[in-house]
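> starting from these lines, generate the structure:
(chains A and B)
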Protein chains: 2
Amino acid sequence: MIARDPSELFELANKGSRTALARLLTYVESGGTSHLDTAALAYRTPSPYVVGITGPPGGGKSTLTDRLITTSLEAGSFDGDESFDQVGVLCVDPSSPFSGGAILGDRIRMQDHATNEHVFIRSMATRGHLGGLSLAVPDALRVLGASGFRLAIVETVGVGQMEVDIASAADTTVVVTNPGWGDSMQASKAGLLEVADIFVINKSERPGVRETRRDLEQMLDLGEHKWRPVIVETTATSGVGTEALWDAIIEHRRFVLAEDYDALQRARLRVALDQVLAAMLRAKVGDLARGESYDTQIERLLAGTTDPYHAAEVLLSPS
Amino acid sequence: MIARDPSELFELANKGSRTALARLLTYVESGGTSHLDTAALAYRTPSPYVVGITGPPGGGKSTLTDRLITTSLEAGSFDGDESFDQVGVLCVDPSSPFSGGAILGDRIRMQDHATNEHVFIRSMATRGHLGGLSLAVPDALRVLGASGFRLAIVETVGVGQMEVDIASAADTTVVVTNPGWGDSMQASKAGLLEVADIFVINKSERPGVRETRRDLEQMLDLGEHKWRPVIVETTATSGVGTEALWDAIIEHRRFVLAEDYDALQRARLRVALDQVLAAMLRAKVGDLARGESYDTQIERLLAGTTDPYHAAEVLLSPS
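Alright, predicted model coming up:
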């Protein structure tokens, strides 16, 4: 029987127990006190290096992630300076756990790695977590870090703002496009232009690669960049270009570390802390809205004897 | 010289002073203590009956609003049961105060009424208001109510979710479409199908009216309605159909009042109170994030000696 205490679970997870790691991630997804205990331990270890993979559906993100797992494990280190022998992958799909054939098919293909002890793959859902997926995913990455992972990949399925936000909170964000997808309106509308560190033109065996590359370059010419996003062509189904993608990730990591990495971490922790504060305060609004004095204020508002501002002040003042 | 005290200003506004009314609305837009004093008085009077006008740009909303002002003043009462001799119009355009030729032109045309003492037109902007336009507009409507207006029109320019939300918080929401605009994807994507009490097919002199009506009817057939939205054809430039639109508004008002109007008001006041609570708590997060103990917690997070949840608890606990 497996332990339930987060500190025991972390000990087991560091010895390679996937069951223990899975339970810790369930704690994160579920919220509650076990989550708080898990977070307390997880944040003692730095985050792993995180590669985010995002882009419109059908672009081949999962197949590319699949290839990237193999390529990174073959490399076995970042830039020669920090070695690793395992990769953690989080798949985020807030829209639905059963999004239909194509995605499910890719997921199953990725699960070939499931029998590989060097790979840990987990689909993230959120059940009770206070701040939803945008907080649960950073927590889960910390759990991976505190379980011994130095490299993590976050693949987001779906094209909502939240998915883009989650992927772009990675250290290196890879936006996956396809030939014919260069249309600048589409890219800038989805906000993908702003978050990409690397553009992948996947399915590069198809016609239109040159035009897509030219369109992307033209869009990039319009902006100013401390890091100008690199464009890599891949055919994920056959593996063509995945080493070039890994090289581009390493190159970007070099840039990130040469920048003020501490400042980046500080900014990220501010975001996390503000999100937690906001979520706790939201919960407080919810609590207030179930109270008796809230109902009193609503009746007073209906009667025209108060206004929303004074009513709110009354509710927020310590009684 | 005009008074500055909200209660004096309300007294003057009720005697017809547009300058006093304008100042009260400036207080609402600006936030601060004058706003709180204004709100305290404004919410003592029930809201006027509010007609919201929304829809994609270029549909002729302003010209239609222009016509509706004249038609409603000619009618001079709702359904014969409640008379009025003035109309208040709020124009909401969060995107920009200078949105270019077409809109500006329509605005100027609407300003023909500016010399009419029975019409008050105001473009709403938000400067310091705590909760932005989605709170400032309801407040401004209350100010109109407390200044003697029984009918108000809110025209939103722009197609963001906020504009739609603002317009659809009206008692009767009019969605302005044009021939050729029946494409169901477009309407349901913009969320306009859900908020419309009345659809106007404006520019009805153009071809495609019958197809647009058919498309709208088909979309409506897919839903269940306690009130099935009415479709009215207008040519706002010549005034054709504006009386039919006014009749539809009266018919919908009859429906609204026959439903539980108190419950509707209560639900609306809950939304307002929750928004104020959330805004006050957001402000609190902002205050916290500028404090010394916040910086301490960030440093502790960087050092790995706390996590965002415990850090937030420390910051939120009364010191």
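> the closest residue to A:Ala289 other than its chain neighbours - how many residues pack around it?
Leaving aside its sequence neighbours, A:Ala289 sits nearest to B:Asp274 (CB to CB, 6 or more residues apart in numbering or on different chains; 6.3 Å). (Glycine included, C-beta is placed from N, CA and C.) By other CB atoms under 10 Å in any protein chain shown, 18 other residues sit near B:Asp274.
> was I right about B:Asp274 contacting A:Gly286?
No - between B:Asp274 and A:Gly286 there is no contact under CB atoms under 8 Å: 9.1 Å.
> mind giving me the domain ranges of chain A?
Structural domains annotated on chain A: A:46-263, A:272-316, as defined by automatic domain parsing.
> can I get those domains in JSON lines with mean pLDDT?
Below are the domains of chain A laid out as JSON lines (pLDDT from 0 to 100):
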{"stretch": "domain A:46-263", "mean pLDDT": "83"}
{"stretch": "domain A:272-316", "mean pLDDT": "87"}
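> between those domains, which one is closest to B:Leu193.
Proximity to B:Leu193 (CB to CB) singles out domain A:46-263 among those, at 20.6 Å.
> so what's the gap between the closest one and the chain middle?
9 Å (CA atoms, centre = their mean, to the nearest Å).
> list the buried residues in the helix or strand where the residue nearest to A:Ala289 lies.
Using DSSP states H and E, B:Asp274 sits in helix B:261-288. Neighbour-count burial for helix B:261-288 flags B:265-266, B:268-282, B:284-285, B:288 (criterion: 16 or more other CB atoms under 10 Å in any protein chain shown).
> relative to helix A:261-288, how tilted is it?
Put simply, helix B:261-288 runs at 150 degrees to helix A:261-288, going by axes from the mean of the first three to the mean of the last three CA atoms, to 10 degrees.
> which other helices and strands contact the helix or strand following helix B:261-288?
Later in the chain than helix B:261-288, the nearest helix or strand by DSSP H and E is helix B:292-303. For helix B:292-303, the contact count by 3 or more CB pairs under 8 Å, 6 or more residues apart in numbering or on different chains; DSSP states H and E identifies helix A:261-288, helix B:308-316 as packing neighbours.
> how near is A:Trp227 to chain B?
23 Å (CB to the nearest CB, to the nearest Å).
> surely A:Arg253 is in contact with A:Phe78?
Yes - judged on CB under 8 Å, A:Arg253 makes contact with A:Phe78 at a distance of 6.0 Å.
> doesn't A:Ile121 belong to a strand?
Yes - A:Ile121 forms part of a strand when assessed by DSSP: H, G, I helix; E, B strand; the rest coil.
> where do the helices sit along chain A?
A:6-14, A:18-30, A:32-42, A:61-75, A:101-110, A:133-146, A:161-168, A:184-189, A:192-195, A:209-221, A:242-258, A:261-288, A:292-303, A:308-316 (DSSP state H).
> and the nearest residue to A:Thr237 once chain neighbours are set aside, how many neighbours does it have?
Leaving aside its sequence neighbours, A:Thr237 sits nearest to A:Thr63 (CB to CB, 6+ apart; 6.0 Å). The tally of other residues near A:Thr63 (other CB under 10 Å) stands at 23.
> now A:Thr63: how far from chain B?
Counting by CB to the nearest CB, the separation of A:Thr63 from chain B is 30 Å.
> what's the answer for A:Leu222, then?
With CB to the nearest CB as the criterion, A:Leu222 and chain B are 21 Å apart.
> with A:Thr65 instead?
A:Thr65 sits 27 Å away from chain B, taking CB to the nearest CB as the criterion.
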